[in-house]
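Enquirer: Generate coordinates for the sequence data below:
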Amino acid sequence: MSESTSSGPVFVLNAGSSSLKYRLVDAATGESSAAGTIERIGEQGSDVPDAGTAVRQALEQLREQAGVTPAVVGHRVVHGGDRFDAATVIDDSVEQAIDDLSALAPLHNPANLAGIRAAREALPDLPQVAVFDTAFHRTLPAAAATYAIDADLAARYGVRRYGFHGTSHRYVSRAAAAFLGRPVQATKLIVLHLGNGASACAVDGGVSVETSMGITPLEGLVMGTRSGDLDPAVLFHLHRQAGLGFDELERMLNSGSGLKGLTGSGDMRDVRAAAAGGDIAARIALDTYAHRIRHYVGAYLAQLGALDAVVFTAGVGENDAATRAESLAGLEGLGIRVDPQRNAATATGARRISPDRAPIAVLVVPTDEELEIARQSVAAVAAA
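Expert: You can find the predicted model right below:
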């Protein structure tokens with residue numbers, strides 16, 4: 001890689017079905033010189049008809065804000081299946097592989113791919129890198145990754161636990177180890193990424209050994225609009241008794257469940273306000289949300305055998321003190337305690353919210369997925 005490429009900024013793109021988030025990041029310093037979001041892509045009445053137009057607009061905005069041209073383009077890609085275990089420089093074969101994996105992530109990979117194709121067309125001379133949400137979890141041991149269904153059928157159709165939010169879990173686990181003043185290779189952590197999507201990850205020595213999301217981002221914790229763990233027979237029951245088809249069931253589990261299904265709103269702030277006003281359904285939803293997290297913390301402590309810290313991150317994890325306290329309530333006997341004053345204090349950076357002498361630290365560590373994508377993109381180009 002040329003000196004200009006290694007020292008230049010990274011244009012990080014997160015392409016969704018109707019939006020494009022971008023940020024220009026210096027991978028060495030972490031500083032951002034431009035950022036923005038383009039919304040309503042392809043919607044009726046929008047002046048952004050497709051991903052190509054969105055990428056071109058983002059580039060124009062980037063040049064207006066920062067006045068520089070990026071050296072590398074880093075793309076967030078949700079599903080890398082069992083094909084990708086690290087950030088990968090994109091060529092035609094990688095693009096085709098991402099397309100092939102759309103069967104595993106039909107709500108995400110096609111949108112990610114549209115952004116990649118648009119950026120490759122708009123910036124044909126720049127190296128472009130795919131950073132996969134699933135890559136960090138490719139280290140899961142077979143016992144953690146395997147579903148107990150027909151083995152031949154699972155192998156034929158790629159049915160296994162892949163895990164998601166890997167970019168965040170990787171960044172946060174390293175940042176947490178740095179906060180503790182220890183090498184990540186010498187830490188055992190449980191990272192709780194709590195946003196609209198939510199997942200837990202057991203990280204042993206910097207390596208993912210267990211995670212709550214599965215073949216898709218639907219499994220695991222209660223989320224804003226996703227159900228998380230569910231007896232599969234619920235789907236059979238609703239199909240037979242309520243007459244719901246598979247498309248309806250998929251939409252319900254992904255878009256009409258979780259906090260939204262329980263209360264009518266998928267926004268934790270709305271649910272907490274309703275509970276404070278005496279709404280019983282909202283209170284039950286909050287209790288269910290915390291109960292599921294506590295279940296995973298206990299399970300992952302058992303898997304790890306020892307624990308240095310529980311780490312909260314993402315929108316809810318970083319900003320909702322009540323969720324943090326409720327999720328760990330009752331775990332004092334395991335050495336996990338939250339200090340009420342530290343937890344309630346207004347702060348934005350990495351911080352400890354457990355008592356100093358608690359045997360297991362409880363931390364809040366802001367995530368920075370764009371910086372992690374930038375760093376991995378530069379490393380991938382350097383290694384190519």
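Enquirer: what sits against the nearest residue to residue 121 once chain neighbours are set aside?
Expert: Spatial nearest neighbour of residue 121, chain neighbours left out: residue 52 (6.5 Å); criterion: C-beta to C-beta, 6 or more residues apart in numbering. Backbone N, C-alpha and C define where each C-beta goes, glycine included. Residue 52 sits next to 117, 118, 121, 122 when contact means C-beta atoms under 8 Å, 6 or more residues apart in numbering.
Enquirer: Residue 54 now?
Expert: Neighbouring residues of residue 54 by C-beta under 8 Å, 6+ apart: 15, 20, 38, 41, 48, 115, 118.
Enquirer: Who wins on neighbours among those?
Expert: Neighbour count (other C-beta atoms under 10 Å) singles out residue 15 as the most crowded of these, with 29 neighbours.
Enquirer: Touching, that one and residue 51? I think so.
Expert: Yes: using C-beta atoms under 8 Å, residue 15 is in contact with residue 51, at 6.2 Å.
Enquirer: Is residue 362 in a helix, a strand, or coil?
Expert: Here residue 362 is recorded as strand under DSSP: H, G, I helix; E, B strand; the rest coil.
Enquirer: before we move on, what about the one 4 residues further on?
Expert: When states are read from three-state DSSP, the local structure at residue 366 comes out as coil.
Enquirer: ok, now which ones touch it?
Expert: 313, 318, 348, 349, 350.
Enquirer: before we move on, what about residue 260?
Expert: Taking C-beta under 8 Å, 6+ apart as the criterion, residue 260 is in contact with 224, 225, 266.
Enquirer: Distance check, it against residue 78.
Expert: Distance of residue 260 to residue 78, computed by C-beta to C-beta, to the nearest Å: 21 Å.
Enquirer: Equivalent analysis for residue 44, please.
Expert: With C-beta to C-beta as the criterion, residue 44 and residue 78 are 26 Å apart.
Enquirer: still on that earlier bit, out of the contacts of residue 260, name the ones that lie in helices.
Expert: Assigned to helices by DSSP state H, none of the contacts of residue 260 qualify.
Enquirer: Highest neighbour count among these?
Expert: For those, the largest neighbour count, defined by other C-beta under 10 Å, is 22 neighbours, found at residue 224.
Enquirer: is it possible to export the contacts of residue 54 to JSON lines including distance to residue 152, secondary structure and pLDDT?
Expert: Converted to JSON lines, these look like this (distance: C-beta to C-beta, whole Å; DSSP: H, G, I helix; E, B strand; the rest coil; pLDDT from 0 to 100):
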{"residue": "15", "distance to residue 152": "35", "secondary structure": "strand", "pLDDT": "88"}
{"residue": "20", "distance to residue 152": "40", "secondary structure": "strand", "pLDDT": "88"}
{"residue": "38", "distance to residue 152": "45", "secondary structure": "strand", "pLDDT": "91"}
{"residue": "41", "distance to residue 152": "41", "secondary structure": "coil", "pLDDT": "86"}
{"residue": "48", "distance to residue 152": "45", "secondary structure": "coil", "pLDDT": "87"}
{"residue": "115", "distance to residue 152": "36", "secondary structure": "helix", "pLDDT": "91"}
{"residue": "118", "distance to residue 152": "39", "secondary structure": "helix", "pLDDT": "91"}
